[in-house]
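> dropping a prediction and its sequence here:
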Amino acid sequence: MEKERVIIIGSGPAGLTAALYAARAQLNPVVIVGNQLGGQISITSEVENYPGFPEPGLTGPELVELMQRQAERFGARLEYDEVVAVDFNSGSPFYVKTHHQEYLADAVIVTAGASPRRLGVPGEEEFIGRGVSYCATCDGFFFRGKNVLVVGGGDSAVEEGLFLTKFANTVSIIHRRDELRAGPALQQRAYNNEKIAFIWDTVVTEVIGNGMVTAVEISNLKTGQTVQLPADGVFIYVGHYPNSQFLEGQLAMDEHGYVITDEKMRTSVPGVFAAGEIQDPIYRQIATSVGQGCAAAMQCEKWLSERE
Ligand code: NAP
């Protein structure tokens with residue numbers, strides 16, 4: 001087993017930024033990419049609020065590619081593999097095991113991000129890929145001329161609902177309250193879009209189909225009325241959970257599984273840092289993840305040089 005200086009677990013904006021800074025600090029970082037290069041931005045249709053890109057049309061995958069190229073230019077090495085276990089309790093050098101390899105590293109930066117939360121209703125799992133989707137960018141094209149539903153009232157639901165109007169005939173956004181959580185600019189665009197309708201105070205209680213999704217059962221929380229609503233697709237945007245299962249017993253976490261860090265991105269284990277959505281349940285923006293990844297790499301470099 002070769003010993004690495006720094007291993008970065010995850011390749012979203014936090015991970016790729018940490019890689020850029022660690023590479024420029026001559027630490028030859030190894031990035032274990034995870035199941036999706038770029039993490040959640042790779043499934044984002046359009047990025048409108050990352051500074052430096054004033055023209056419309058920048059897609060998530062394009063931004064990922066730019067970040068990757070920049071990190072690699074300074075010597076970051078990307079491994080297309082997934083971490084399955086770590087041992088941080090024994091101290092540095094830290095043990096990291098992936099599907100295909102075992103590593104030791106003087107320091108680790110955890111940027112494993114978050115994943116879309118499931119609704120947890122009957123039929124949801126069964127129809128994933130057959131009408132149920134968590135990614136409009138990936139699957140929107142298959143719904144040309146169809147009628148789709150979006151579940152959720154946050155930025156993701158409204159933004160991806162707007163994206164789906166490029167393909168779908170109608171987009172109905174089902175929200176459990178009568179007020180959106182999404183920001184005012186997105187809200188306004190949705191209200192102005194004639195393809196979008198809103199179904200308020202309502203939850204989905206079942207996804208129904210026959211090979212493919214044909215309908216959902218919805219329930220109005222105010223009236224208690226339950227009806228079946230025909231639909232060709234259901235896009236679910238009801239928040240996220242941190243990808244921290246492989247860290248259980250290794251790092252201190254809050255009750256929702258977010259890794260606890262201090263203002264220097266230090267975790268409960270000296271030499272292990274964390275950045276991005278794995279430790280941030282509040283902001284979860286590309287810009288904040290980039291800043292946290294930068295800070296984690298700078299603190300990591302400082303920790304390594306003070307130790308030597
Ligand atoms: P979010 O802000 O947590 O919103 C989740 C939505 O799902 C909420 O409207 C919530 O309803 C609803 N919900 C949660 N559990 C539900 C359930 N079991 N059944 C039905 N509805 C449920 O998640 P997000 O929209 O994915 O956004 C995550 C973060 O990324 C946010 O900080 C957001 O600002 C950011 N983001 C930003 C942009 C942008 O700036 N353009 C784009 C995408 C995401 P309630 O409202 O009633 O809680």
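It's in.
> okay, domains of the protein per the record?
2-115+240-307, 118-236 (automatic domain parsing).
> now these in a markdown table, with mean pLDDT and mean neighbour count?
All C-beta atoms are positioned from the backbone trio N, CA, C, and that covers glycine. Output for those, formatted as a markdown table (pLDDT from 0 to 100; neighbours: other C-beta atoms under 10 Å):
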| stretch | mean pLDDT | mean neighbour count |
| --- | --- | --- |
| domain 2-115+240-307 | 96 | 20 |
| domain 118-236 | 96 | 18 |
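> nearest to the ligand, of these?
Across those, the ligand has its closest neighbour in domain 118-236 (2.5 Å, C-beta to the nearest ligand atom).
> do the closest one and the ligand come into contact?
Yes: with C-beta under 6 Å from any ligand atom as the criterion, the ligand is reached by domain 118-236 at 119, 151-157, 159, 176-177, 181, 203.
> what is the burial count for residue 116?
Neighbour count of residue 116, defined by other C-beta atoms under 10 Å: 17.
> for residue 5, see how far away residue 93 is.
10 Å (C-beta to C-beta, to the nearest Å).
> which helix runs longest in this protein?
helix 286-307 (DSSP state H).
> now do that one: which elements does it pack against?
strand 3-9, helix 13-24, strand 102-110, strand 272-274 (3 or more C-beta pairs under 8 Å, 6 or more residues apart in numbering; DSSP states H and E).
> CA-only coordinates of that helix in PDB, if you can.
The C-alpha coordinates for helix 286-307 follow below in PDB (Å, rounded to 0.1, in the frame of the first residue of the first chain):
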ATOM      1  CA  ILE A 286     -22.100  25.600  -5.200                       C
ATOM      2  CA  ALA A 287     -20.400  28.800  -4.100                       C
ATOM      3  CA  THR A 288     -20.500  27.900  -0.400                       C
ATOM      4  CA  SER A 289     -19.200  24.300  -1.100                       C
ATOM      5  CA  VAL A 290     -16.400  25.800  -3.200                       C
ATOM      6  CA  GLY A 291     -15.400  28.100  -0.300                       C
ATOM      7  CA  GLN A 292     -15.600  25.300   2.200                       C
ATOM      8  CA  GLY A 293     -13.500  23.000   0.000                       C
ATOM      9  CA  CYS A 294     -10.900  25.800  -0.300                       C
ATOM     10  CA  ALA A 295     -10.800  26.300   3.400                       C
ATOM     11  CA  ALA A 296     -10.500  22.600   4.200                       C
ATOM     12  CA  ALA A 297      -7.600  22.200   1.800                       C
ATOM     13  CA  MET A 298      -5.800  25.200   3.300                       C
ATOM     14  CA  GLN A 299      -6.300  23.900   6.800                       C
ATOM     15  CA  CYS A 300      -5.200  20.500   5.800                       C
ATOM     16  CA  GLU A 301      -2.000  21.900   4.300                       C
ATOM     17  CA  LYS A 302      -1.300  23.800   7.500                       C
ATOM     18  CA  TRP A 303      -2.000  20.800   9.700                       C
ATOM     19  CA  LEU A 304       0.400  18.700   7.600                       C
ATOM     20  CA  SER A 305       3.200  21.300   7.700                       C
ATOM     21  CA  GLU A 306       2.900  21.900  11.400                       C
ATOM     22  CA  ARG A 307       3.200  18.200  12.100                       C
END
